[in-house]
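all I have is the shape, not the residue letters:
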């Protein structure tokens, strides 16, 4: 995530709207000073990648009315930052045609093998729900009750042991 500070030289404040295509953003540049010893531009700081995109693609930025004064890389991500979607398995458990289930990433049996069920220890409905969502890609909205978790587990060869 980047924090960028933009400036407008020669002004102490500027409140306006910048536009890039059909997207418009209101900005408030403040804090500019001018004295015999020097000048400080009015500035606007943002971490929002969409606001940064609009400013940097506006006519005000392109004709240098607004300038980029500083860009700082910060740890973490911004909620509006674009990132690739996490791949979801189309077939979370693949059948080998013999009734056996494929192994999951950790090497444990992911389901029934020869009619046996894999036992998974859970302490709450939330634990069971998280397991089913992570291992089998089942929608969490379908796992609101203990009975729903047990039924979904049975369908996938899982027997929950409640602690």
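Okay, I see it. It should be emphasised that the depicted structure is a prediction, and the values quoted were computed from it without experimental measurement.

ranges for the helices of this protein?
Taking DSSP state H, the helices of the chain run over residues 49-56, 59-62, 125-136, 146-155.

the last one packs against which elements?
Same thing as helix 146-155. Packing contacts for helix 146-155, counted by 3 or more CB pairs under 8 Å, 6 or more residues apart in numbering; DSSP states H and E, involve helix 125-136, strand 158-162. No exception for glycine: its C-beta is placed from N, CA and C like everyone else's.

what average pLDDT does it get?
Mean pLDDT, computed over helix 146-155, is 88.

buried sites along it?
148-150, 152-153 (16 or more other CB atoms under 10 Å).

dump those residues into TSV; add distance to residue 33 as well.
Output for the buried residues of helix 146-155, formatted as TSV (distance: CB to CB, whole Å):
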residue	distance to residue 33
148	63
149	62
150	68
152	64
153	66
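
residue farthest from the centroid of this structure?
The C-alpha centroid of the chain is most remote from residue 36, which lies 47.7 Å away (CA atoms, centre = their mean).

which residues touch stretch 55-67?
Residues outside stretch 55-67 that contact it (CB atoms under 8 Å, 6 or more residues apart in numbering) are 6-9, 16, 18-21, 25, 27, 29, 41, 46, 68.

in those, which residue is surrounded by the most others?
residue 6 (25 neighbours; other CB atoms under 10 Å).

how close does it get to residue 70?
Residue 6 is 9 Å from residue 70, where distance means CB to CB, to the nearest Å.

returning to that earlier point: sort out for me which of the contacts of stretch 55-67 are in strands.
6-8, 16, 18-20, 25, 27, 29, 46, 68 (DSSP state E).

residues touching the residue lying closest to residue 132 once chain neighbours are set aside, list them.
The shortest distance from residue 132 to any non-neighbouring residue, by CB to CB, 6 or more residues apart in numbering, is to residue 138 (4.7 Å). Residue 138 makes contact with 132, 152, 156, according to CB under 8 Å, 6+ apart.

of those, just say which sits nearest to residue 117.
The shortest gap between residue 117 and any of the contacts of residue 138 belongs to residue 156, at 9.3 Å (CB to CB).

what number of residues lie near that closest one?
Count around residue 156 with other CB under 10 Å applied: 19.

how about low-confidence regions in this structure?
For the chain, the stretches flagged by pLDDT under 70 are 82-115.
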